[in-house]
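Enquirer: for reference, the sequence and a predicted model appear below.
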Amino acid sequence: MHDQLTAKLRAAGLGAIADLGFVGLDDSSPDADLAVITGYKAARNRPLTRGQKLSNTALAAVRAPVEHGFAHLKNWRVLGKVRTDPTWATALVRPLRVLTNREVSR
């Protein structure tokens, strides 16, 4: 599945911001636009530079609201039982997302 992800993102003209588990997924040429943007990993013998740490911080700030949204949606246990067309599932998730946003903002 991962091997087709970058090709499908490029075909749709989209990109993705991913966590460090996806480092190396986008192995396109250096001149091509990245389809998957990840942070930097430190190694034992190679610590991160200040710029790399700042880049990781910026990516984490962009990813945090999305991660929190998914975490709150997981509280709605009905989503684990959805066995229907993805179009209908999307229609179900929209009102749940609104309710979750209201609950979180209280």
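Expert: Noted; the coordinates are in hand. Residues are numbered from 1 along each chain as shown.
Enquirer: next, count neighbours for Lys41.
Expert: A count of neighbours around Lys41, defined by other CB atoms under 10 Å, yields 12. (Glycine included, C-beta is placed from N, CA and C.)
Enquirer: now the phi/psi pair for it, please.
Expert: For Lys41, the backbone dihedrals (degrees, to the nearest 10) come out as phi -100, psi 140.
Enquirer: please name the residues that touch it.
Expert: Lys41 makes contacts with Leu20, Val23, as judged by CB atoms under 8 Å, 6 or more residues apart in numbering.
Enquirer: so which residues of this protein form strands?
Expert: Ranges of strands in the chain, per DSSP state E, are 16-17, 36-37.
Enquirer: between those, which one is nearest to Asn101?
Expert: Evaluated with CB to CB, these place strand 16-17 nearest to Asn101, the distance being 20.9 Å.
Enquirer: ok now do the most centrally placed residue in the chain, which residues does it touch?
Expert: Most central in the chain under CA atoms, centre = their mean is Ala18, positioned 4.8 Å from the mean C-alpha point. Shown in contact with Ala18 (CB under 8 Å, 6+ apart): Leu25, Val36, Ile37, Thr38.
Enquirer: quick check: beta-bridge partners of the third one?
Expert: In other words, Ile37. Note on Ile37: beta-bridge partners by DSSP bridges are Ile17.
Enquirer: contacting residues around it?
Expert: Gly15, Ala16, Ile17, Ala18, Asp26, Leu59.
Enquirer: quick check: which ranges of this structure have low pLDDT?
Expert: 1-3, 27-32, 77-81, 104, 106 (pLDDT under 70).
Enquirer: most distant residue from the middle of this protein?
Expert: Outermost residue of the chain (CA atoms, centre = their mean): Asn45, 28.7 Å.
Enquirer: ramachandran angles for it?
Expert: For Asn45, the backbone dihedrals (degrees, to the nearest 10) come out as phi -100, psi 0.
Enquirer: quick revisit: now the strands of the chain as TSV including distance to Thr90?
Expert: Listed next are the strands of the chain as TSV, based on distance: least, CB to CB, whole Å:
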stretch	distance to Thr90
strand 16-17	18
strand 36-37	23
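Enquirer: return the most buried member of those strands.
Expert: strand 36-37 (a mean of 16; mean count of other CB atoms under 10 Å).
Enquirer: alright, calling it a day.
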